[in-house]
Each structure stands twice: as C-alpha cells, then as structure tokens.
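K.L.:
following is a predicted model, sequence given first.
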Amino acid sequence: LCGWYQFIVLRTVSIIGAQSRPARRCDMAESGSSAEFSSSLTSSSLPPPRTRIFKIIVIGDSGVGKTCLTYRFCAGKFPEKTEATIGVDFRERLVEIDGENIKIQLWDTAGQERFRKSMVQHYYRNVHAVVFVYDITNAASFHSLPAWIEECKQHALGTEVPRILVGNKCDLQDSVQVNTDLAQQFADAHSMPLFETSAKNPNSQGDRNYGNSDHVEAIFMTVAHKLKSQKPLVLSQPPEPVVSSCWTHMSTSLQDC
Ligand SMILES: Nc1nc2c(ncn2[C@@H]2O[C@H](COP(=O)(O)OP(=O)(O)OP(=O)(O)O)[C@@H](O)[C@H]2O)c(=O)[nH]1
C-alpha cells in the first residue's frame, strides 16, 4: 500500500508546475461501467481466487493515444476528451479466456517526461507485457521508439516479456507520416508484431490490415491469450511452448490468427 500511497502523493505534487499541455484524467463519468476499469486502490476490489492478473504497460510519446486505446478497450468506447496523463493511470477489465477469469490490467503511462520520472520505477515492476504506441500521423513519435525500448532495457525488462507495436490514429489517412512498410521493418528488427489501428474508429477503412472487427479489442485480447499460453495456472505443470506461430505472424494480419 505504501507504493500506491506514494504514487498519489507524487502525482499530486507533479500537477504543480504543469505548463504546456494541461493534465487531467479522461472523463471517467462518460463510462457506464466505470467500476470495471477504475484504479484498484481498495481492498473491496481485490480479485477473487484464481483470477490471474496480467499487467500490461502501454508506453510511447505524449499524445499518441495511449489513454484512448486503453479506455477504448476497458470502457468500450472512445473518450470524449483526454488530457495528458500524470504518472500513470490504471484501467482494467475482467475477461474469460478458455473458461478462466483473467484480469487485464492496463497501465497507461505518461508520455511527458516531467510527468513520468517520479513513477517510472514503479510501473516497470512485475510487467507481463509491453505495448509500444506511436502515432502514424506523427513521425517523431515513431522515431522515439528506440528510446522507449531502451528505457525498458534499463529497467531490466527481458526479451521474454512479450512486446507489441501499435501504430494508432489510422482513421487519419490523409495525414500519414509513417508508412506501414517502415513500421513493419522496425517491428521485424525488434521481433515485435505490428498492429495499425484507431482508438477513435477501430473499424475505419484506414485500419487497412484488418477486416470488420474491433481491432483495439483484438489487440489486447491477443496479448492476453499470448500471456495465458505462457503462464499456466498450475505452475508445477511442464511449461507450454513460449512462442506460437500465430504470435510471430500477427504483424502481417490479425485475421491470420
Ligand atoms: N483521430 C484520432 N485521434 C486520436 C486517436 N487516439 C487518440 N486521439 C487523440 O489524440 C489526443 C491524445 O490522446 P491521448 O490518449 O490523451 O494520448 P496519450 O498518449 O495518452 O498522451 P499522454 O497522456 O500525454 O502520454 C487526444 O486529443 C485524442 O482524442 C485516434 O485513434 N484517432
């Protein structure tokens, strides 16, 4: 509890001095099911027995859409308005995979350096998967990716931790600055599957890699499936194979899975 308390204090302190992009959380009142994805700070929200929690951190430059993507997955819709995240926000959703209850806990981290430095060591603890996000309409956010990867490395995140790359804002096809081929080369070079999607309109035509489905949903569920296959519930059982062919080929088409 000490860590959470410390976070709240740090978060409050870091609000003071904010200058450029005003910071506040997305409007949770917009959701009809806020209890499902709000922060887990009280003992009453502790998971029931045998519910595994998968901690997935979402990182990338400020403004790429991390809050919108995590909100989209946990609340089921695009938030009406968001402002810069301070420290980290938590959203979670309970899903059932092959008859097992899994809590997918998304850590939506601040993209702005001034809002992250006090928290950074907390959210890299016990991470099960990492989602790197860039904005396809912002080349700088793509060129920042090596720095985000390096930060993971510096916090001892091994290559055994699954990583995925998400190019967001595919609904803005007239403003594309990062083409798919370039992103794919980067993803291949770092052994990550690539997804291009839109938190705003995940079924948009711009979401060209995929068919008519909710891709934000599919992206996080695919990560959860991957983690479930890696982490058997009964730890004394022999481990399952770590890499599935589906995972390695997601970069070209989610539908192939
Ligand atoms: N058109 C479009 N806009 C988006 C999309 N996703 C996010 N946005 C917008 O991009 C802006 C930034 O989104 P956020 O989700 O707050 O970005 P963030 O990465 O969480 O930013 P930080 O909290 O500062 O790290 C907001 O104005 C969103 O409405 C998208 O898929 N399409």
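P.N.:
Structure received. Numbers count the residues shown, from 1 in each chain.
K.L.:
just the strands in the chain please.
P.N.:
52-59, 88-97, 100-109, 129-135, 163-168, 194-196 (DSSP state E).
K.L.:
what residues does this protein have near the ligand?
P.N.:
Taking C-beta under 6 Å from any ligand atom, the part of the chain that reaches the ligand is made up of 62-68, 82, 84-85, 110-112, 168-169, 171-172, 198-200. Just so you know, the C-beta spots here come from the backbone N, C-alpha and C atoms, and that holds for glycine as well.
K.L.:
now intersect these with the helices, please.
P.N.:
Secondary structure from DSSP state H places Lys66, Thr67, Cys68 of these in helices.
K.L.:
just the buried members of the residues you listed?
P.N.:
Buried members of these, counted by 16 or more other C-beta atoms under 10 Å: Lys66, Thr67, Cys68.
K.L.:
from the residues you listed, pick the one nearest Thr222.
P.N.:
Ranked by distance to Thr222 (C-beta to C-beta), these are led by Lys66 at 17.6 Å.
K.L.:
contacting residues around that closest one?
P.N.:
Val58, Ile59, Gly60, Thr85, Asp108, Thr109, Gly111, Val133 (C-beta atoms under 8 Å, 6 or more residues apart in numbering).
K.L.:
can you list these in a markdown table and add neighbour count and pLDDT?
P.N.:
Formatted as a markdown table, those follow (neighbours: other C-beta atoms under 10 Å; pLDDT from 0 to 100):
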| residue | neighbour count | pLDDT |
| --- | --- | --- |
| Val58 | 28 | 96 |
| Ile59 | 25 | 96 |
| Gly60 | 24 | 96 |
| Thr85 | 24 | 88 |
| Asp108 | 28 | 93 |
| Thr109 | 24 | 91 |
| Gly111 | 24 | 90 |
| Val133 | 29 | 98 |
